[in-house]
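> A structural model of the following input is requested.
(3 chains)
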Amino acid sequence: MNAMNLPLMLPEIALVVLGIVVLLADLVLPKEKRHLLGWWVAAAFSAIVVYLFVRPAAGEPEYAAFGLYRLDGFAIFMKKVFGLAGVLVAVMSVDWVKRHGRAAGEFFTIVVFAMTGMFLVASVNDLMSMFVSLELVTLSFFILAAFRVADRISGEAGIKYIIVGALAAAFMLFGTAFIYGATGQIRFDAVRGAIERLAEPAYPTLLFGAVTLLVGLGFKVASVPFHVWVPDVYQGAPTPVTAFLSVGSKAAGFVLIVRMLTLVFGEALSNELTPLLALTAALTLFYGNLAAIPQTNIKRLMGYSSIGHAGYLLLGVVAIVAMQRGGHSYGSGVSAIIFYLFAYVFTNMAVFLGIVAFSATAGRKHAIDDYAGLGKRSPFLALTLTVALLSLAGVPPLAGFFGKFYLISSVVEASAVAGNGWLLVLAAIGAVNVVVSMYYYLCVVKRIYMREPPENASPILLGAPVRVALMACMALVVIIGIFQGPFVKMATAVLATIR
Amino acid sequence: MLWTILLLFGLAAAAPLVAKFAKGASGWLLAAGPAAILFAYLAQLPILPGESRSEVWEWVPGLGVELRFVLDGLSATFTLLITGIGALVLVYAGGYMAGKAKLGQLLSYLLLFLGSMLGLVLSDNTIALFVFWELTSISSYLLIGLDHERESVRSAALKALLVTGGGGLLLLGGFVLLGIAAGDLGLKGADAFSISALADLDLSAHGLYPAIMVLVAIGAFTKSAQAPFHFWLPQAMAAPTPVSALLHSATMVKAGIFLLARLHPALGGTDLWTALLVPVGAVTMLGAAITALGQRDKKRILAYSTVSVLGILVTLLGAGTVVAIEAAVVLLVAHAFYKAALFMVAGNVDHGAGTRDVTLLSGLRKAMPFTFAAGAVAALSMAGAPPMFGFVGKELFYGKLVTAEARSTLLILVAVATNVALVAAALLVALRPFVGSSAGVAKNAHEVSAPMLVGPLILAAAGLFVGLFPDVFDATLGSAMATAIAGQRVDMHLALWHGLNPTALGVMGLSAATLVLGAMVYHRTRRLLAPLAEALSRLRAIGPETWYEKGLAGLVTGSDRVTRGIQTGYLRHYVLAVVVAAVVLAAPPLLRSLPGAAPLFPEAPRPHEALLVAVAAASAVAAMVLRSRTAAIAALGATGAVIAMLFLLFSAPDLSITQIMVETLSVILLVLVLSRLPRLVTRSSRSRRIADLAVATLAGGTMALLAIAATTVSLDPEAARFFAAASYTEAQGRNVVNVVLVDFRALDTMGEIFVVAAAGFGIHALLRLAPETGGAA
Amino acid sequence: MEIQIAHYLVVAGILFAVGLTGVVVRRNAIVILMCLELMLNAANLALVAFSRVHRDMQGQVFVFFAITVAAAEAAVMLAIIIAVYRQRQTVNVDEMDLMQG
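You can find the predicted model right below:
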């Protein structure tokens, strides 16, 4: 554990190099070609993902940077997810940057920085590194969200995001300080060790720190009531950034929540955290799904939908904490979260790819009504959007359905294991919200297929890369749903390395 | 068996292309698929009672979901009905939609629906069954919504999906609980979700049984349109093409019946089962049968009569005795034949005469002789007249009621009334349009094309054939089906004539009375129609359909209101929400662990400490409240300086220096920026500011108190000593010096550099991209 | 001598609360930024105090990083505020309500 062990950090080092290369290339390339940097970034991200797939699978966790950096199956898995999302974001950004951006070099550099932050988040093993790498992610997103400052909405999104975000960071730091205060340690395993030997009087300090830290993380994953920034920022940020955000911030937050619960807190806080998290999950589910119903802007709708999905993922978190009580195996919660995140990334990315491609032809108003008759204007785009939306709604046999099924089952199992009847109520709330969410997703589908396109509507043109990306996402959404064997095995293998 | 389902899905994907190239012949071409499957399953006959053939494919390892298919009497009957009727429907659709642009779409959805339905009836795994169940809901949504130009069609489609899809989710809940219960009773892994394995368990004793039963029943009721969930069906059938309507009546709504039949061995035979099913079924059958008479649209009449028959089936399954199950088996098959035929007849009449209003139609017998023939035969079966299969079914139904141990006069009356209404309805749809004066719409009517006649004629003939030779059915399939439902061996001996014994005479008396009364009611329908329709429209206002609509509207407006209330767009509200929630979340667990807290200040603060504390607090408050820009910045600077001094007190000089540098820098930066920005004006009203301040102070104060409490509880001298001791051992002796530690922090330093770099590039880009306007820096 | 840190934690708590109140009450984006700085300072103070209690340097090192991150965050926030000001001629967050519902 006490070594630098640089080779382990190869992906991060590659990202550092990539960032520098993009910056230098920005200086050298002529202005009208700078948006092509997006392809470089996409290619480099793909290469890193390929490397992660071919590198020997992690058995026991490995450590680098003197124990601050932990590489286990979960970290590798999350890096794959982040990397693939990054590839898709880069693909959809190229066109966008070409149309809107003057600062192409800065844009892609910050995308690479954000990706570096996410990679670090997946591997942190220490409270301090956690704070720094998470701030790297969030800070990059602050900038990206405000990137089209010439647009009133983007600037407003930036301000709202950064103020609420900085507030959350303050909570996180304050919470971290108290965890440190209770234990005197900052490395995850050392904190865990100290917690296990914790003297009774220090318990409130630890608890206060944990709750405050979770408040900060709740902001990243968009759980109610720390979701307030989400709708405005989703609507106001440039669409590729919204796509990146919807996956990056959420997944990074959940990685850290899972890490904190499994590596750090363990059983110690289970009793206190279970009701808190269960309440948060229920509120998040209801609010995200109900508030999505009256929306008229598709990006805002996706914002609320993303809150709803945070609620589902929180179900898995609740299952973990509840089952930790009495030292039960909490595996089903973790593997459900892993499976869900994997499915969610591609589904969500498919929707945003569709939104970017659609708005390129049909304008940037992003009104849901604009999607009327898309089935006639572009049957392919209509089909991919529909499949993705149905998967988000949890329609079987698509990936999203099984994701929700696993999460809800994990809560049901937790209820049985922990003997907590309230968790059954939570599972029922999860099921009820599937119906609610079906309503608003179907309203979009209804417009796509059951309305006539506006007069003189032109066909939607799709570039080849976007087409390929959409097709890949759709294929995955269907395949993850129907041929689950390999994906469930993957989630189980990841789970085995997490403890 | 998997291949048959996949074949249908494959054909569904290919259908649009086929329709593009084969045009008019595409119905015939695609019908070959289900027809081939029909023959493949026919080749498996006869299926003996108790026999079942299964096939297993792994699907979702670890969760107990596998594709386990079972072919027994029950699933074989459904399979044959689905594929047989499906093939005829495809041919019919090819004719009905000939030359229309949506033909490919329609055929594709039909095949998707058939595949899902086939998967549903063959599945032995509850979760897989649920997946197919929801797929039928989706494909029926697509089918209903095919004619989406009209708003009524769109809302009917959504209604059908929300009701059946929602019911499906409750069903899933029931299945999950069922899996838990089965797990408790010793079934492990995939077996806990296998329906055939469940039958051997004594589930009714399990604590979860009532919950399971209610959830499963609601799932079945929504799908099979039982009261009070029936309202989606008539609309879903009235709005779209007769093709999809027919498919719904003959197959889709039977899914709920199928589910109850399938689960009867595992869940049935209890008081709860009977108490749930019989009343619901009885209310549905009578209510729907009477409602049917109040309709003018042929398709609506048929739709309500379908609901009524489904009610009869639910009642019979609820009773659960052998005779009841035999009656259910026969009625189910008979109904599939005649109802499909009648829907096709309705479509033909619509196509040939241009209307489906029974009050306008008359005298079509000459113009549409084949349609009339098919309709008449099917209607006889519906009315339960000999020698049709429907007659056999009704005899059994009455037989069951008359011979029941606890004979219920009320139930017999309900049953007779229902059947009387059904007889009248049958005459209304199959006789009224064809007899009488041929002066009106009949003048321009014409017989329809061959593809549209094949279906009704074959189906009507099939009903007649099975009615004449019922023993063929019970030998090949019927007994096996009844056995599968009853969970015990049943040997059916169906016959048209039961000899002369008191029971048979009683039943025959009831049958005859039903027919006569039905004919009388039919004769007087014109006069009955008006008040009935009026009464019904009044009932509708308080019925479940109104609840659904009000609920949906309330959901939309309610969520709109809530969202506007919470997501106001004002940052201040957002921040307030975060702060209050954080405090609320942090408080309760902490307060619970507070008793036994140490005194807040074990020792009085030393004077210089007290001074610094006071200065820090005062300058912080000043920075927050001061109106003057420079003064606020100065106050912030003062706070920073005090903190730097506190760092010094903690013997962290380098930290102190960093703090002073950063603080100075930010003061300079702020002064620079502020000088370019407008004065700090407050536009909000005084009272609102005071209210905000009150809430914020309360929240902030609570947060501070919580923080202080958390530490005073823990950091009494005892605990501090403990920590000091622990940190020595944990960190292997005295701590390494600062510099070394920083060296170990290479990773964080890298992250830090990135943070600063991102900030730098970001600021550069933002300022470059922002439009230059007057007064800006 | 036992180290007395209760007082410093009280200061940290008060600073955090004051900052929090300011973030809620004030409308000017710049002042909100200043209040956020107060909150981060409070956290830093708590870290140093705890570091003292544990006689452990890690807490102090943490503060170095925290100060830098906070500075970077403040700088980006200023940049966004300026950019928005150029666009809309206001730094009053109450006037930023284009998106709601």
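
> strands of chain B, residue ranges please.
Taking DSSP state E to define them, one finds strands in chain B at B:53-60, B:65-71.

> number of nearby residues for A:Val468?
Residues near A:Val468, counting by other C-beta atoms under 10 Å in any protein chain shown, number 12. Every C-beta, even on glycine, is put in place using the N, C-alpha and C of the backbone.

> secondary structure element for it?
Using DSSP states H and E, A:Val468 sits in helix A:464-482.

> hey, C-alpha coordinates of the very next helix or strand once past that helix in PDB?
Downstream of helix A:464-482, the first helix or strand assigned by DSSP H and E is helix A:485-496. Provided in PDB are the C-alpha atoms of helix A:485-496 (Å, rounded to 0.1, in the frame of the first residue of the first chain):
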ATOM      1  CA  GLY A 485     -26.500 -13.000 -18.200                       C
ATOM      2  CA  PRO A 486     -23.200 -11.300 -18.900                       C
ATOM      3  CA  PHE A 487     -24.200  -8.000 -17.400                       C
ATOM      4  CA  VAL A 488     -25.500  -9.600 -14.200                       C
ATOM      5  CA  LYS A 489     -22.300 -11.600 -14.000                       C
ATOM      6  CA  MET A 490     -20.300  -8.400 -14.500                       C
ATOM      7  CA  ALA A 491     -22.200  -6.700 -11.600                       C
ATOM      8  CA  THR A 492     -21.600  -9.700  -9.400                       C
ATOM      9  CA  ALA A 493     -17.900  -9.800 -10.300                       C
ATOM     10  CA  VAL A 494     -17.600  -6.100  -9.500                       C
ATOM     11  CA  LEU A 495     -19.400  -6.600  -6.200                       C
ATOM     12  CA  ALA A 496     -16.900  -9.300  -5.200                       C
END
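
> what packs against helix A:485-496?
helix A:73-100, helix A:331-362, strand B:53-60 (3 or more C-beta pairs under 8 Å, 6 or more residues apart in numbering or on different chains; DSSP states H and E).

> relative to C:Ile82, which of these is closest?
Among the helices and strands packed on helix A:485-496, the nearest to C:Ile82 by C-beta to C-beta is helix A:73-100 (20.2 Å).

> C-terminal to that closest one, what's the next element?
helix A:104-123.

> domain assignment for chain B?
B:278-523, B:568-605+B:682-733, B:736-777 (automatic domain parsing).

> which residues are contacting the helix holding A:Val468?
With C-beta atoms under 8 Å, 6 or more residues apart in numbering or on different chains as the test, helix A:464-482 has contacts from A:88, A:91-92, A:94-95, A:342-343, A:346-347, A:349-350, A:353-354, A:356-357, A:380-381, A:383-384, A:387-388, A:391, A:396-402, A:462, A:487.

> buried subset of the residues you listed, written for ChimeraX?
Paste this into ChimeraX to select the buried members of those, with burial taken from 16 or more other C-beta atoms under 10 Å in any protein chain shown:
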select /A:88,91,92,94,95,342,343,346,347,349,350,353,354,356,357,381,383,384,387,388,391,396,397,398,399,400,401,402,462,487
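
> for the closest residue to chain B within chain C, give its distance to B:Gly565.
For chain C, the residue closest to chain B is C:Gln100, as judged by C-beta to the nearest C-beta, at 2.9 Å. The gap separating C:Gln100 from B:Gly565 is 10 Å, by C-beta to C-beta, to the nearest Å.

> if we can go back for a sec, lowest mean pLDDT across the domains of chain B, which one is that?
Of all the domains of chain B, mean pLDDT reaches its minimum on domain B:568-605+B:682-733 (a mean of 65).

> thinking again about what came up before, mean pLDDT lowest for which of the helices and strands packed on helix A:485-496?
Between the helices and strands packed on helix A:485-496, the one with the least mean pLDDT is strand B:53-60; it has a mean of 81.

> what is the burial count for the residue of chain C closest to chain B?
Using other C-beta under 10 Å, C:Gln100 is surrounded by 16 other residues.

> tell me the contacts of it?
A:Asp232, B:Arg564, B:Gln567, B:Thr568, B:Gly569, B:Tyr570.

> what sits closest to B:Ser666 if chain neighbours are left out?
C:Ala74 (6.1 Å; C-beta to C-beta, 6 or more residues apart in numbering or on different chains).

> give the rounded mean pLDDT of the host helix or strand of the one you found.
Taking DSSP H and E as the definition, one finds C:Ala74 inside helix C:58-88. For helix C:58-88, mean pLDDT is 87.

> helices or strands up against that helix?
helix A:127-145, helix A:152-183, helix B:653-676, helix B:738-744, helix B:746-769, helix C:29-54.

> just checking, next helix/strand downstream of the second one?
Read it as helix A:152-183. Counting by DSSP H and E, the next helix or strand C-terminal to helix A:152-183 is helix A:188-196.

> what angle do that following helix and helix A:152-183 make?
50 degrees (axes from the mean of the first three to the mean of the last three C-alpha atoms, to 10 degrees).

> helix A:188-196 near chain C at all?
No. Helix A:188-196 is not in contact with chain C by C-beta under 8 Å from any C-beta of the partner chain; minimum separation 9.6 Å.

> again with stretch B:690-705
Yes. Stretch B:690-705 lies within reach of chain C by C-beta under 8 Å from any C-beta, at B:Asp692, B:Leu693, B:Val695, B:Ala696, B:Thr697, B:Ala699, B:Gly700, B:Gly701, B:Met703, B:Ala704, B:Leu705.

> from B:Gly173, how far out is the closest residue to chain A within the stretch 201-350 of chain B?
Nearest to chain A, among the residues of the stretch 201-350 of chain B, is B:Ala211, at 9.2 Å (C-beta to the nearest C-beta). Counting by C-beta to C-beta, the separation of B:Ala211 from B:Gly173 is 8 Å.

> so for the two, which residue has more residues nearby?
Between B:Ala211 and B:Gly173, B:Gly173 has the larger neighbour count (other C-beta under 10 Å), namely 26 against 16.

> nothing else from me, thank you.
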